[in-house]
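**Student:** Structure, please.
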Amino acid sequence: MPALTHRIAPALGLASHLGRGVRRIGTDTLIGRLLSMPRTVADLDPAAMSALLGRSVTAVSVLDGDAGTSSRARLALTGRDVPSTVFVKMAAETVATRLMGELGNLAHTETRFYRLLAPELAGLPRCYGGRFSPVTGRYVLILEDLAVSGCEFPDTLHPIDADRAAQVVELLARLHATFWGRVPGWLYAASEDSASLLTAPLLKTSARRLAERTDLPIGRGRFIDENYRAAAALIDRAPHTVMHGDAHPGNLYFRDGQPGLLDWQAVRRGHPSRELAYTLITSMTAESRRDTQRDLLDVYRGALSAAGGPDLDRDELWDRYRQSALYPYVAALITAGMGGMQDETIALKGLARALEALDDLETTALLQKSL
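**Tutor:** Presented below is the predicted three-dimensional model:
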């Protein structure tokens, strides 16, 4: 019976997630226009922005925008004591993308993060206001416009060096130490998410697609594809803290030489090794990572302890880091294989680094031994 329950509960959870998303999108279609929640960037007129900011806005103009897992735009504002420009995130334009966001609980997670957790942190964009509708799933987040702040934005094609990586792991250590031992109950580990039932099929589909059109050694991850849920649960074992959850180079920025993290829609609970592996493997060249990763983990351990976190055992962190190379592989394979979430060149470079890490960290062998 326990084994049957273990199989049925996630399926019921996934059905509940899907049902909630469908209900929200259906409600939005039927009565969304009758509600006060702005639906598109075009709805962010002076009255709407005044209500969201709690300050008088007299004029709004759109500077630029794009779309992905959310609709995004930069707005110029005129008014009393308002920022001259802001960055706005809203619900995605297409139903399919909104449903994907509902599965990951992205909108609710990010708006809740900025309301409840962000005030205790540094190294992230300032939030001027936000709102989430549990009825329709629509949301608005009004954030600092980093584009006018002289920030640098890396990506997999522009990797960070060891010095900057040390700054990033120190930033992660401060995040992790802040919430060590007091993780909010509304956060869950990635392996506990009922939507993770879809991960293994997506891995297999992505691997098949990429094997047909690239020369990358996709087969290195076959054991992970076939044993994802068990391996993910192994990586996500306690102790836990609050993690950014998606700290790849595209979500990093540097301002005045200091690192920051943006896009907090995938905040999760978990062991820091998972975040460290994801960040270092995707953000650095394989050669630089191999040469410095042990030292960078030591930097992290020292920063975590100095910020009030625990003194992690060096060898245990290393082994868990090696196991956690599963995470960048999974994220990169699905991103590259399914398409539409990143520029393909950037996505494939991230996958190439993840595959190299599986090899040189002997991740598969370590997972096989541990499961």
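**Student:** residues in contact with the residue sitting nearest the centre point of the chain?
**Tutor:** Nearest residue to the geometric centre of the chain (C-alpha atoms, centre = their mean): Asp246, 2.7 Å. Applying C-beta atoms under 8 Å, 6 or more residues apart in numbering, we find Asp246 in contact with Asp263, Gln265, Ala266, Tyr278, Ala331. (Each C-beta comes from the backbone N, C-alpha and C, glycine too.)
**Student:** Greatest separation within the residues you listed: which pair is it?
**Tutor:** In the contacts of Asp246, two members sit farther apart than any others by C-beta to C-beta. They are Gln265 and Tyr278, at 15.2 Å.
**Student:** Compare these two (neighbour count), which wins?
**Tutor:** A side-by-side neighbour count of Gln265 and Tyr278, using other C-beta atoms under 10 Å, places Tyr278 first with 26 against 23.
**Student:** who's in contact with the more buried one?
**Tutor:** Asp246, Ala247, His248, Ser324, Tyr327, Pro328, Ala331.
**Student:** just checking, what packs against the helix or strand where the last one lies?
**Tutor:** Per DSSP states H and E, Ala331 falls inside helix 326-338. For helix 326-338, the packing partners by 3 or more C-beta pairs under 8 Å, 6 or more residues apart in numbering; DSSP states H and E come out as helix 199-213, helix 222-226, helix 228-235, helix 272-283, helix 344-360, helix 363-370.
**Student:** average pLDDT across the second one?
**Tutor:** Confidence for helix 222-226, expressed as mean pLDDT, is 96.
**Student:** One more: the longest one?
**Tutor:** The average pLDDT within helix 344-360 is 95.
**Student:** the inter-axis angle of that helix versus helix 326-338?
**Tutor:** On the basis of axes from the mean of the first three to the mean of the last three C-alpha atoms, to 10 degrees, helix 344-360 is oriented at 140 degrees to helix 326-338.
**Student:** where does helix 344-360 sit relative to the chain's centre, distance-wise?
**Tutor:** Here the centre of mass of C-alpha atoms in helix 344-360, compared against the chain's by C-alpha atoms, centre = their mean, to the nearest Å, lies 18 Å away.
**Student:** Could I get the buried residue list for that helix?
**Tutor:** Of the residues in helix 344-360, those buried under the neighbour-count criterion (16 or more other C-beta atoms under 10 Å) are 346-358.
**Student:** how far does the helix holding Ala331 sit from the chain's center?
**Tutor:** 13 Å.
**Student:** contacting residues around that helix?
**Tutor:** Applying C-beta under 8 Å, 6+ apart, the set of residues contacting helix 326-338 is 190, 199, 202-203, 205-207, 209-210, 218, 221, 224, 228, 231-232, 235, 246, 248, 274, 277-278, 281-282, 341-342, 344, 347-348, 350-351, 353-355, 357-358, 363, 367.
**Student:** on that earlier part again, in TSV: the buried residues of helix 344-360, plus distance to Gly302.
**Tutor:** Below are the buried residues of helix 344-360 laid out as TSV (distance: C-beta to C-beta, whole Å):
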residue	distance to Gly302
Ile346	32
Ala347	33
Leu348	35
Lys349	30
Gly350	28
Leu351	32
Ala352	31
Arg353	26
Ala354	27
Leu355	30
Glu356	27
Ala357	23
Leu358	28
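**Student:** which among those gets closest to Pro134?
**Tutor:** Distance to Pro134 across these (C-beta to C-beta) is lowest for Ala347, with 32.6 Å.
**Student:** what about the closest one, distance to Glu152?
**Tutor:** For Ala347, the distance to Glu152 (C-beta to C-beta, to the nearest Å) stands at 21 Å.
**Student:** Ok, Glu362 next?
**Tutor:** 34 Å.
**Student:** what about the closest residue to Ala200 other than its chain neighbours, neighbour count?
**Tutor:** Here the nearest residue to Ala200 in space, its sequence neighbours aside, is Tyr228; by C-beta to C-beta, 6 or more residues apart in numbering that works out to 4.4 Å. Tyr228 has 22 neighbours, counted by other C-beta under 10 Å.
**Student:** contacting residues around Tyr228?
**Tutor:** Per C-beta under 8 Å, 6+ apart, neighbours of Tyr228: Ser196, Thr199, Ala200, Leu203, Val330.
**Student:** just the buried members of the residues you listed?
**Tutor:** By the neighbour-count criterion of 16+ other C-beta under 10 Å, the contacts of Tyr228 include these buried positions: Ser196, Thr199, Ala200, Leu203, Val330.
**Student:** will you turn those residues into CSV that also has distance to Leu103 and pLDDT?
**Tutor:** Shown next, in CSV, are the buried ones among the contacts of Tyr228 (distance: C-beta to C-beta, whole Å; pLDDT from 0 to 100):
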residue, distance to Leu103, pLDDT
Ser196, 10, 76
Thr199, 11, 90
Ala200, 15, 89
Leu203, 16, 94
Val330, 16, 96
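**Student:** Distance to Thr109 added to those residues, as TSV?
**Tutor:** Compiled in TSV, the buried ones among the contacts of Tyr228 are given as follows (distance: C-beta to C-beta, whole Å):
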residue	distance to Thr109
Ser196	15
Thr199	18
Ala200	23
Leu203	23
Val330	19
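**Student:** Can you pick out the most distant pair from the residues you listed?
**Tutor:** Checking the buried ones among the contacts of Tyr228 against each other with C-beta to C-beta, the farthest-apart pair comes out as Ser196 and Leu203, at 10.9 Å.
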